[in-house]
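Chemist: Predicted coordinates and the sequence they were generated for:
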Amino acid sequence: MGDMKLSEIKIMLKNPKDGFLGFVSFVIDDSLFIGNVAIYQSANRQEGFRLVFPEKKSAVGSEVFKIVFPISEKAYQAIVEAVVEKFREVSGPILAMSEKNRNSGEEARNERQGERDTR
């Protein structure tokens with residue numbers, strides 16, 4: 001099997017909260033539709049994003065069933081790269097606003113901490 005081809009990448013932006021940015025759906029090799037993949041900002045990853053693939057919790061107990069997910073790091077990276085490229089294409093102003101809000105929140109926390117330290 002050759003390189004995986006992603007197409008029909010659709011980004012559904014949501015109000016950024018706690019790193020959550022929205023959802024993505026895409027088609028792999030013109031054969032398999034994958035939907036409801038969550039997009040999060042992540043300072044821990046090189047590309048600045050991480051994807052969370054769909055899961056289902058059992059009605060009884062706390063068992064979690066993974067619905068769909070890449071089984072290799074190479075497949076995950078190929079999906080992330082394609083999604084990040086499309087995400088940046090459609091979310092430029094929103095992503096910039098999210099970064100600004102996050103930085104403003106950190107600055108406000110630092111200012112409040114400084115005020116407490118001087119009392």
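Modeler: Looks like it arrived, so ask away. All values derive from a computational prediction rather than experimental measurement.
Chemist: Please report how far the closest residue in space to Phe53 that isn't next to it in sequence lies from Glu63.
Modeler: Leaving aside its chain neighbours, Phe53 sits nearest to Phe69 (4.3 Å; criterion: Cβ to Cβ, 6 or more residues apart in numbering). Any C-beta I mention is one placed from the backbone N, CA and C, and that applies to glycine too. Noted for Phe69: a distance of 16 Å to Glu63, by Cβ to Cβ, to the nearest Å.
Chemist: out of those two, which sits in the more crowded spot?
Modeler: The neighbour comparison of Phe69 against Glu63 (other Cβ atoms under 10 Å) goes to Phe69, with 15 against 9.
Chemist: who's in contact with Phe26?
Modeler: Leu6, Ser7, Glu8, Ile9, Lys10, Phe33, Ile34, Val37, Ile79, Ala82, Val83 (Cβ atoms under 8 Å, 6 or more residues apart in numbering).
Chemist: what kind of secondary structure is the fourth one in?
Modeler: For Ile9, the reduced secondary structure class is strand; criterion used: DSSP: H, G, I helix; E, B strand; the rest coil.
Chemist: my read: it touches Ala82, true?
Modeler: Yes: with contacts defined as Cβ atoms under 8 Å, Ile9 counts as touching Ala82 at a distance of 6.1 Å.
Chemist: quick one: the strands in the chain?
Modeler: Taking DSSP state E, the strands of the chain run over residues 6-17, 20-28, 32-41, 49-52, 55-57, 64-66.
Chemist: possible to save those as a markdown table with mean pLDDT?
Modeler: Listed next are the strands of the chain as a markdown table, based on pLDDT from 0 to 100:
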| stretch | mean pLDDT |
| --- | --- |
| strand 6-17 | 92 |
| strand 20-28 | 96 |
| strand 32-41 | 95 |
| strand 49-52 | 93 |
| strand 55-57 | 91 |
| strand 64-66 | 92 |
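Chemist: just so I know, which of the ones you listed lies nearest Ala75?
Modeler: Taking Cβ to Cβ, strand 20-28 is the member of these nearest to Ala75, at 9.0 Å.
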